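**Q** 3D, please:
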Amino acid sequence: MSNGISYPVFRTPDRALALRVARQMVAFGVQSFSDVSVEAQVPTLTDARRIRDALPEAGFTSWTAPVDPGPGVLDLFGGVPARELPDDLARVEEFLPFTVHLQEQPVGSIEDHFASAVSPHPARIHWDGLVWPAAPERDLYGEGTHAEVTLLLNCGSIELDVRADTHSVLVHVRRRSDGDDERFAGWLAEQIGQRVIGPPHG
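**A** Now for the predicted structure:
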C-alpha cells in the first residue's frame with residue numbers, strides 16, 4: 001500500500017496558460033488508458049443552468065439536500081445527471097451550492113469546454129492513469145500508481161475550499177520517506193521548463 005503526494009509546479013492568473021502547462025505535463029506521461037475527471041463548485045442557479053446546458057453528461061450533487069428525498073423529489077444528495085435537472089431550478093435553490101462532476105473521460109475530450117463553463121468558480125481538472133518514466137541518471141524510479149496531474153482553477157486547495165485569483169498545476173508522485181518525492185516532482189517539472197514552487201498538497 002502506498003500513498004501519493006502532489007507538488008505545485010506552476011501558478012498563474014491566466015487560465016488558458018495554466019491549462020496549456022498542465023497539458024504539457026500530462027503529455028509527458030499520458031498512456032492509451034489515461035483519463036480525465038472534472039469537478040467544480042456551483043454557487044448560484046445561473047451557474048447551474050449554464051453548466052447543465054454546457055455539460056449534459058455531468059452529474060450534480062448537494063451535501064445539503066435530504067438523504068431520503070421521497071417520491072418525485074430529485075435525489076441531489078445521491079447525484080442527479082445534468083440532463084435531469086428541471087428547467088425551473090428555483091425548486092432546488094435551497095440546496096445550493098451544488099457540486100458538478102464528470103468522471104473518467106478520454107484525455108482531451110472535455111478540458112477546454114469544462115474550464116470555460118465553470119469560470120470563475122473553484123474547479124479541478126484531474127488526469128489519471130499516467131506513467132512517469134524513470135530518471136536513472138538522477139537515481140529516480142519510474143511511477144505508474146501515483147502518476148497524475150491536477151489543474152486547480154480559481155482555488156488554492158485540492159478540496160476546492162480555498163478561493164484564489166490564480167490557477168495552479170500540481171504534479172502527483174509516490175510519497176517517499178527519504179524526500180525523493182520532491183526530487184522526482186522537481187525532475188518532472190524540469191521536463192516542461194518548470195519547477196516545484198511550494199509545499200505539497202496532501
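**Q** Wait, residue 143 touches residue 135, no?
**A** No - in this structure, residue 143 is not within contact of residue 135 by Cβ atoms under 8 Å, at 10.6 Å. C-betas here are computed from N, CA, C, even on glycine.
**Q** More neighbours: those two, which one.
**A** Between residue 143 and residue 135, counted using other Cβ atoms under 10 Å, the more crowded position is residue 143 (22 against 16).
**Q** Name the nearest residue to the more buried one, ignoring sequence neighbours.
**A** Using Cβ to Cβ, 6 or more residues apart in numbering and skipping the chain neighbours, the partner closest in space to residue 143 is residue 132 (4.3 Å).
**Q** quick revisit: next, show the common contact partners of residue 143 and residue 135.
**A** Counting by Cβ atoms under 8 Å, 6 or more residues apart in numbering, the residues touching both residue 143 and residue 135 are residue 184.
**Q** so what's the residue lying closest to residue 172 once chain neighbours are set aside up against?
**A** Spatial nearest neighbour of residue 172, excluding adjacent residues (Cβ to Cβ, 6+ apart): residue 148 at 3.8 Å. Shown in contact with residue 148 (Cβ under 8 Å, 6+ apart): 4, 6, 126, 127, 128, 130, 171, 172.
**Q** OK, contacts around the last one?
**A** The one in question is residue 172. Under the criterion of Cβ under 8 Å, 6+ apart, the contact partners of residue 172 comprise 4, 5, 6, 146, 147, 148, 149, 150.
**Q** any idea what it is structurally, helix, strand or coil?
**A** Of the three states, residue 172 takes strand according to DSSP: H, G, I helix; E, B strand; the rest coil.
**Q** Check what pLDDT it gets.
**A** Model confidence at residue 172, given as pLDDT, is 97.
**Q** Repeat that for the fifth one.
**A** Reading off the confidence values, residue 128 has pLDDT 97.
**Q** Show me what it bridges to in the sheet.
**A** residue 35 (DSSP bridges).
**Q** got the end-to-end distance for stretch 130-146?
**A** Start to finish, the residues bounding stretch 130-146 are 8 Å apart (Cα to Cα, to the nearest Å).
**Q** can you list the residues that contact it?
**A** The contact list for stretch 130-146 (Cβ under 8 Å, 6+ apart) reads 2-5, 26, 28-31, 34, 147-149, 172-175, 180, 183-184, 187-188.
**Q** One more: stretch 116-124?
**A** So stretch 116-124 is in contact with 15, 38-43, 47, 50-51, 54-55, 100, 114-115, 150-155, 158, 160-163, going by Cβ under 8 Å, 6+ apart.
**Q** Perfect, I'm done here.
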